[in-house]
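Trainee: fold the following and give me the result.
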Amino acid sequence: MFDNISSRYDFLNHFLSFGIDRGWRRKAINELSDKKGGRFLDVATGTGDLAIASLKYLPEEVVGVDLSEKMLEVGRGKLAKSGYTNISLEKGDSEALRFDNDSFDAATAAFGVRNFENLEKGLKEMHRVLKPGGKLVILEFSNPRSFPFKQIYHIYGKMFLPLWGRIFAGDKDAYTYLPESVKRFPDGEKFLNVLKNIGFDNTNQRRLTFGICSIYTATK
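Mentor: All right, here's what the predicted structure looks like:
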C-alpha cells in the first residue's frame, strides 16, 4: 500500500494536514535537544522526513528503517540532493530490528507505530536497541475528545481523505485505511500504559492541534 502512494506521499501529507504536519515534526524533534550529538534511529521512517529533521541536533549517525522500498527511494532522493553523509535509510522490519542491544541514544517514529502488525513487539524492539537512559519520541495521530473537533475530524477522515486520496494518489483504499487505523490505535493513556508495561519510564503525552496529533515521550 505504501509503495503505491510513495510518489505522492509527501505532497498528500502536507495537503491533507494543511501544512500543519511540518510543525508537528518540528515539535517532535525538539524533544531530542538533550540528546544532541548522539546516535538516532527513526523507525517506520517512510520518506525520511523525521530522520532528516533530526540532523538539527548534529547526531553522530541517523539510521532510518522502513519496510517500503519505494518510500525509502523517495527519501534517498532527498538525501542525494542535500549532501548529508551521516544519515542512511534502509529496508528493515520495525518488529525485528537488526541492531544490537543498547545501540542508540534516541529512537523516533512519526505516524508509523499504529501500522505495526504487533504494536508491543515493535515497541519492545525500540526499547531493546535504546541505550539505558535513551529517549523514545513518537509522533502519532490521536482522536480528538472535545466538541466540535471530534465530529469534524470524524467527517473529514471518513469523507474527504478517501476522496482526495483517490484524486491525488489514485488510491482510495490507502486513505480509507488511514482514519480507520487512527480509530483503532490505543491513543492517550492507553498507549502510555503500553509503554509502561514494556519497561519505559517517564512516559508523557503532549496533545497538539485540538488532540488531532500527539507527541509521546519516554526513557529507557
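
Trainee: every contact and neighbour count from this point should use C-alpha atoms.
Mentor: OK.

Trainee: ok, the residue sitting nearest the centre point of the chain - contacts?
Mentor: Centroid check for the chain by CA atoms, centre = their mean gives Ala110 as the closest residue, at 1.2 Å. For Ala110, the contacting residues are Arg25, Val43, Ala44, Thr45, Leu50, Ile138, Leu139, Glu140, by CA atoms under 8 Å, 6 or more residues apart in numbering.

Trainee: export these to a markdown table and tack on secondary structure?
Mentor: Output for the contacts of Ala110, formatted as a markdown table (DSSP: H, G, I helix; E, B strand; the rest coil):
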| residue | secondary structure |
| --- | --- |
| Arg25 | helix |
| Val43 | strand |
| Ala44 | coil |
| Thr45 | coil |
| Leu50 | helix |
| Ile138 | strand |
| Leu139 | strand |
| Glu140 | strand |
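
Trainee: which PyMOL command selects the buried ones in the residues you listed?
Mentor: To isolate the buried ones among these in PyMOL, judged by 16 or more other CA atoms under 10 Å, type:
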select buried, resi 25+43+44+45+50+138+139+140
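
Trainee: can you pull out the helices in this protein?
Mentor: 2-5, 9-16, 20-29, 49-53, 69-82, 119-129, 149-155, 161-169, 172-184, 189-198 (DSSP state H).

Trainee: quick check: buried residues in the last one?
Mentor: Same thing as helix 189-198. Phe191, Leu192, Val194, Leu195.

Trainee: got a markdown table for these, with pLDDT and distance to Arg39 too?
Mentor: Below are these laid out as a markdown table (pLDDT from 0 to 100; distance: CA to CA, whole Å):
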| residue | pLDDT | distance to Arg39 |
| --- | --- | --- |
| Phe191 | 97 | 25 |
| Leu192 | 98 | 24 |
| Val194 | 97 | 25 |
| Leu195 | 98 | 21 |
